[in-house]
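Visitor: No letters, just coordinates:
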């Protein structure tokens, strides 16, 4: 099931996770242990019952302070996520990136137990697949999102929910079409809002402009291709929506502080082998 990756792991000593990224939305549920989880420039001290949420744009690493480190990792392919989790309020943890946003979520006792129950049910379906497993897996994922929303302190008023609806629609369209030329006029027509209004609420909600979000999507996919394929830089540039390989390289450098070829060398070094699946 390519749209969902699930892992339940326990580490007892010497666990390390260097800086890395994945082309997916992620939820990390800490069942036991004490870790320092770093996302971009933010350090979070995470203990039992801590939940970390990540979107596709965010580099991260972690250091274990106390063992055993028992955790559940859920990784979701973005386009499928938008198809399955249609309620804007539930999408909010992957959409909001304002100054006040925190990647670490704490929930009430009741909702924590329900999140664990849904996670264990998801684990069973993931490991014992049959013709109905995909249906059951996404059912349990929806439960996790509902309990995250109910149990956290993040609540939306009607106006915020309305903005999330528009922003999520715009993001979904860009996620599917980022390899193509996307004009602001076209995007505004898709969500049926004026260009000015769309630009304002998008930046207010996500913390980045529409232009920067589109660049992030393209550069993030380029990182994935540089990591997982043998395609040359020109081929990757074209596949990410760039007609000019030099312009692609300049944008990649501006966003990652290194050129595409050096990024490929770094990501293929021994320190980065299989790092994401061990989280």
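Guide: Done, it's in. From a predicted model like this one, the values you see are computed outputs, not experimental measurements.
Visitor: only C-alpha atoms for contact and neighbour calcs from this point on.
Guide: Noted.
Visitor: Three-state assignment for residue 56, please.
Guide: Residue 56 carries the three-state label coil when classified by DSSP: H, G, I helix; E, B strand; the rest coil.
Visitor: That should have said residue 213, apologies.
Guide: What three-state DSSP gives for residue 213 is helix.
Visitor: how many neighbours does it have?
Guide: 20 (other Cα atoms under 10 Å).
Visitor: For the remainder of this discussion, apply numbering that starts at 311.
Guide: Renumbered: residue one is now 311, and that last one reads residue 523.
Visitor: Tell me which other helices or strands the helix or strand where residue 444 lies touches.
Guide: Using DSSP states H and E, the element containing residue 444 is helix 443-461. With contacts taken as 3 or more Cα pairs under 8 Å, 6 or more residues apart in numbering; DSSP states H and E, helix 443-461 sits against helix 398-405, helix 419-437.
Visitor: Same list, those, but as JSON lines with mean neighbour count, distance to residue 512 and mean pLDDT please.
Guide: Shown next, in JSON lines, are the helices and strands packed on helix 443-461 (neighbours: other Cα atoms under 10 Å; distance: least, Cα to Cα, whole Å; pLDDT from 0 to 100):
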{"stretch": "helix 398-405", "mean neighbour count": "21", "distance to residue 512": "10", "mean pLDDT": "82"}
{"stretch": "helix 419-437", "mean neighbour count": "17", "distance to residue 512": "30", "mean pLDDT": "96"}
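Visitor: And these: which comes nearest residue 509?
Guide: helix 398-405 (14.8 Å; Cα to Cα).
Visitor: Strand partners (parallel or antiparallel) of the helix or strand just after that closest one?
Guide: Counting by DSSP H and E, the next helix or strand C-terminal to helix 398-405 is strand 414-415. According to DSSP bridges, strand 414-415 forms sheet pairs with strand 361-364 (antiparallel).
Visitor: if we look at the strand it pairs with, which residues are touching it?
Guide: Contact with strand 361-364 is made by 335, 336, 337, 338, 339, 340, 403, 404, 413, 414, 415, 416, as judged by Cα atoms under 8 Å, 6 or more residues apart in numbering.
Visitor: Centre of the chain to it, how far?
Guide: Chain-centre distance of strand 361-364: 9 Å, with Cα atoms, centre = their mean, to the nearest Å.
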